[in-house]
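[1] Quick one, fold the following:
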Amino acid sequence: MDAQLRKGLLEYCVLTALSFQDSYGYQIIKDVSEYIDISESTLYPILRRLESDDKVTSYNTEFNNRIRKYYSITSVGREALAGFQNDKEKLIKVLEFIGGGNIYG
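    Have a look, this model is predicted:
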């Protein structure tokens, strides 16, 4: 997949994963990797950007005597995700056009 397209979709994939439940980096990678390739070196800058945009928050909790950082989607993140969902039909039409769909019907 083209890097620019992938980059644009990854943010929404992460928000979607977090919309189901709070999660930590490794689990987010497992959840998202089923649909699109993502690595730690890609995920953490996305999480930092989402946090600086107030789309996610983070908190630490102890797990097996180690501190684990969890991320949680905010109302701003849910609004961004809802906006993307509203644009889904437009995106599907563009993909169909690019894929050779019938533009005259």
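[2] what helices or strands is whatever helix or strand residue 46 lives in leaning on?
    Residue 46 is part of helix 40-52 when elements are defined by DSSP states H and E. If you count contacts as 3 or more CB pairs under 8 Å, 6 or more residues apart in numbering; DSSP states H and E, helix 40-52 packs onto helix 3-20, helix 25-33, strand 56-63, strand 66-73. Every residue, glycine included, has its C-beta placed from N, CA and C.
[3] so the longest one versus strand 66-73, what angle?
    For helix 3-20 against strand 66-73, the angle by axes from the mean of the first three to the mean of the last three CA atoms, to 10 degrees is 100 degrees.
[4] Residue 78 and residue 16 touch, don't they?
    No: contact criterion CB atoms under 8 Å: residue 78 and residue 16 do not qualify, at 10.5 Å.
[5] More neighbours: those two, which one.
    Each of residue 78 and residue 16 has its neighbours counted (other CB atoms under 10 Å); residue 16 has more, 17 against 14.
[6] measure the more buried one to residue 64 for me?
    Residue 16 is 27 Å from residue 64, where distance means CB to CB, to the nearest Å.
[7] Residue ranges in this protein under the pLDDT threshold?
    Residue ranges of the chain with pLDDT under 70: 101-105.
[8] how about residue 82, secondary structure?
    helix (DSSP: H, G, I helix; E, B strand; the rest coil).
[9] what's around it, how many residues?
    12.
[10] buried set for stretch 41-54?
    For stretch 41-54, a neighbour-count test (16 or more other CB atoms under 10 Å) marks 42-43, 46-47, 50 as buried.
[11] hmm, who's touching it?
    Stretch 41-54 has contacts (CB atoms under 8 Å, 6 or more residues apart in numbering) with 10-11, 14-15, 25, 28-29, 32, 56-58, 71, 74, 76-77.
[12] To residue 85, which of the helices and strands packed on helix 40-52 lies closest?
    helix 3-20 (8.9 Å; CB to CB).
[13] Extract the C-alpha set from that closest one and format it as PDB.
    C-alpha atoms of helix 3-20 as PDB (Å, rounded to 0.1, in the frame of the first residue of the first chain):
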ATOM      1  CA  ALA A   3       2.900   5.100   2.200                       C
ATOM      2  CA  GLN A   4       0.800   8.300   2.100                       C
ATOM      3  CA  LEU A   5      -2.500   6.400   1.900                       C
ATOM      4  CA  ARG A   6      -1.300   4.100   4.700                       C
ATOM      5  CA  LYS A   7      -0.300   7.000   6.900                       C
ATOM      6  CA  GLY A   8      -3.700   8.600   6.500                       C
ATOM      7  CA  LEU A   9      -5.500   5.400   7.400                       C
ATOM      8  CA  LEU A  10      -3.400   4.400  10.400                       C
ATOM      9  CA  GLU A  11      -4.600   7.100  12.700                       C
ATOM     10  CA  TYR A  12      -8.200   6.000  12.200                       C
ATOM     11  CA  CYS A  13      -7.200   2.400  12.700                       C
ATOM     12  CA  VAL A  14      -5.700   3.200  16.000                       C
ATOM     13  CA  LEU A  15      -8.700   5.300  17.000                       C
ATOM     14  CA  THR A  16     -11.000   2.400  16.000                       C
ATOM     15  CA  ALA A  17      -9.000  -0.100  18.100                       C
ATOM     16  CA  LEU A  18      -9.200   2.300  21.100                       C
ATOM     17  CA  SER A  19     -12.900   2.800  20.600                       C
ATOM     18  CA  PHE A  20     -13.500  -0.700  21.700                       C
END
